[in-house]
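> Give me the fold of what follows.
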Amino acid sequence: MGRNTTPIVKRSRRLGLVLGKEKFARRRAYPPGVHGPKQSKMRPRLSAYGEQLREKQKAKALYGLMERQFRNTFAKASKTKGNTAEILVRLLEMRLDNAVYRLGWAKSRRHARQMVSHGFILVNDKSVDIPSFTLAVGDVIGVKESKREKPLVKMIPETMKSSTTPKWIARDDKALSGKVTATPEGEDLDQGFAPTFIVEFYSR
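Numbering: from 1, shown residues only. Predicted coordinates:
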């Protein structure tokens with residue numbers, strides 16, 4: 001599978017998002033490159049297509065998806081009855097790797113994806129190693145007992161201290177588990193990009 005090799009700090013500054021450590025992602029208020037400072041003052045207004053593309057790139061970068069994965073997620077959202085923009089964000093939020101990140105068990109979604117793909121995570125007491133696995137209300141996420149002595153797991157208590165769990169997940173710190181109690185709604189769908197622009201992009 002392909003992957004984006006552009007440095008995360010450069011992508012953060014280009015898209016105006018915090019994709020890594022905040023102190024590095026926002027250390028300069030202009031785009032990367034020699035001409036970055038000038039571009040911040042004389043950057044031309046984006047066309048409608050450019051705005052739509054930028055929002056799609058933001059969402060892909062935020063959730064760490066390649067184009068094919070993202071397009072497949074959009075296709076699934078567009079086939080589901082309801083507001084496609086909201087459903088798209090909901091599907092992204094309810095990915096297993098994102099839920100592991102939201103529980104505070106990982107410092108980043110990339111880190112969370114590693115935990116899932118390496119077999120650290122259980123869903124309803126069954127091992128799931130597919131980061132894109134879509135959770136449902138009532139699902140219980142846990143950590144394999146056989147993995148609890150691994151460094152990735154031992155660092156979880158410290159990672160959780162600086163995390164805030166969204167309303168749609170109930171976290172049990174002592175049992176090291178989380179339960180999906182609802183679907184993401186309202187402010188949980190506000191993730192720093194405009195999903196309606198993404199719908200417009202794919203609907204051209």
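
> Show me what the nearest residue to residue 138 once chain neighbours are set aside is bridged to.
Distances taken as C-beta to C-beta, 6 or more residues apart in numbering put residue 180 closest to residue 138, at 6.5 Å, once the chain neighbours are dropped. Where C-beta positions appear, they are placed from N, C-alpha and C, glycine not excepted. Note on residue 180: beta-bridge partners by DSSP bridges are residue 169.

> Same question for residue 143.
Residues in beta-bridge contact with residue 143 (DSSP bridges): residue 121.

> which residues touch the residue most central in space within the chain?
The residue lying closest to the centre of the chain (C-alpha atoms, centre = their mean) is residue 63, at 3.0 Å. Contacts of residue 63 were listed using C-beta atoms under 8 Å, 6 or more residues apart in numbering, and they are 70, 92, 95, 98, 109.

> try 6 Å
Contacts for residue 63 (C-beta atoms under 6 Å, 6 or more residues apart in numbering) come out as residue 92.

> and it, how far is that from residue 90?
12 Å (C-beta to C-beta, to the nearest Å).

> Residue 107 too?
Counting by C-beta to C-beta, the separation of residue 107 from residue 90 is 24 Å.

> Please apply the same query to residue 128.
19 Å.

> of the two, who's got more company?
residue 90 (21 against 16; other C-beta atoms under 10 Å).

> helix, strand or coil for that one?
helix (DSSP: H, G, I helix; E, B strand; the rest coil).

> so where does residue 99 fall, helix or strand?
helix 96-102 (DSSP states H and E).

> and the helix or strand following that helix, what does it pack onto?
Downstream of helix 96-102, the next assigned helix or strand under DSSP H and E is helix 109-117. In terms of contacts (3 or more C-beta pairs under 6 Å, 6 or more residues apart in numbering; DSSP states H and E), helix 109-117 is packed against helix 96-102.

> Now do the helix it packs on: distance to the chain's middle.
Its chain's C-alpha centre and that of helix 96-102 lie 8 Å apart, by C-alpha atoms, centre = their mean, to the nearest Å.

> can you tell me which helix in the protein is longest?
helix 48-63 (DSSP state H).

> quick one, that one and helix 109-117 angle?
Going by axes from the mean of the first three to the mean of the last three C-alpha atoms, to 10 degrees, helix 48-63 is angled at 50 degrees with respect to helix 109-117.

> Next secondary structure element downstream of helix 48-63?
Taking DSSP H and E, what comes next after helix 48-63 is helix 67-78.

> what comes into contact with that next one?
Taking C-beta under 6 Å, 6+ apart as the rule, helix 67-78 contacts 60, 84, 87-88, 91, 202.

> Can I get the residues you listed in JSON lines including pLDDT, neighbour count and distance to residue 139?
Below are the contacts of helix 67-78 laid out as JSON lines (pLDDT from 0 to 100; neighbours: other C-beta atoms under 10 Å; distance: C-beta to C-beta, whole Å):
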{"residue": "60", "pLDDT": "95", "neighbour count": "21", "distance to residue 139": "25"}
{"residue": "84", "pLDDT": "97", "neighbour count": "18", "distance to residue 139": "24"}
{"residue": "87", "pLDDT": "98", "neighbour count": "22", "distance to residue 139": "18"}
{"residue": "88", "pLDDT": "98", "neighbour count": "24", "distance to residue 139": "20"}
{"residue": "91", "pLDDT": "98", "neighbour count": "19", "distance to residue 139": "14"}
{"residue": "202", "pLDDT": "95", "neighbour count": "16", "distance to residue 139": "28"}
